[in-house]
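>>> Fold the following for me, if possible:
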Amino acid sequence: MATSSVASPPQTSEGPLQRPGVVLAVIVTAYLMVGVDSTVVNVALPDIQQDLRFSPSGLSWVLNAYTLAFGGLLLLGSRVGDIAGRRRTLTAGAALFALASLLGGLATDSAWLLAARALQGVGS
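Coordinates of the predicted model:
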């Protein structure tokens, strides 16, 4: 009786499991971006209200637009990561988040800022 064994090919490059420090650094950096953004927006709320003439009830949407988009698309983002690749999805999300942050910083009216905050939530 002949037996055949299938040998796995030797790995020539290091995969993400061989570099857990790099993976951890990328994840921590992405989380830091979200955390710093949240802190900056909370600290800037009084200036945002004054400069862009938000009502007190409208000001809550600066936080809620981000939170609703982020929470609503969280599972979809995971599925996109499964289909398109986690690295590609993380890169695209971080780029979209950074672009939306720039647009939010350049906002001249309340609708622009709210749209930028919602886009940040999509990127997250």
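
>>> Buried ones in the worst-scoring helix or strand of the chain on mean pLDDT, by neighbour count?
Using mean pLDDT, DSSP states H and E, the weakest-scoring helix or strand in the chain turns out to be helix 20-51, at a mean of 90. Taking 16 or more other CB atoms under 10 Å as the neighbour-count basis, helix 20-51 is seen to contain the buried residues 33, 34, 37, 41, 48, 49. (C-beta placed from N, C-alpha, C; glycine too.)

>>> Tell me which two in these are the farthest apart.
The two members of the buried residues of helix 20-51 with the most space between them (CB to CB) are 33 and 49, at 24.2 Å.

>>> okay, and for this protein, where does confidence drop off?
Along the chain, the parts satisfying pLDDT under 70 run over 1-17.

>>> Could you tell me how many residues sit around residue 55?
10 (other CB atoms under 10 Å).

>>> ok, now the one 5 residues further on?
Look at residue 60: counted by other CB under 10 Å, it has 12 neighbours.

>>> Secondary structure element holding it?
Residue 60 is part of helix 56-72, with elements assigned from DSSP states H and E.

>>> So what touches that helix?
Contacts with helix 56-72, where a contact means CB atoms under 8 Å, 6 or more residues apart in numbering, come from 41-42, 45, 48-49, 54, 110, 113-115, 117-122, 124.

>>> Check which residues of it are buried.
By 16+ other CB under 10 Å, the buried positions in helix 56-72 come out as 59, 61, 62, 65, 66, 69, 70.

>>> got the angle for it vs helix 20-51?
Relative orientation of helix 56-72 with respect to helix 20-51: 160 degrees, computed using axes from the mean of the first three to the mean of the last three CA atoms, to 10 degrees.
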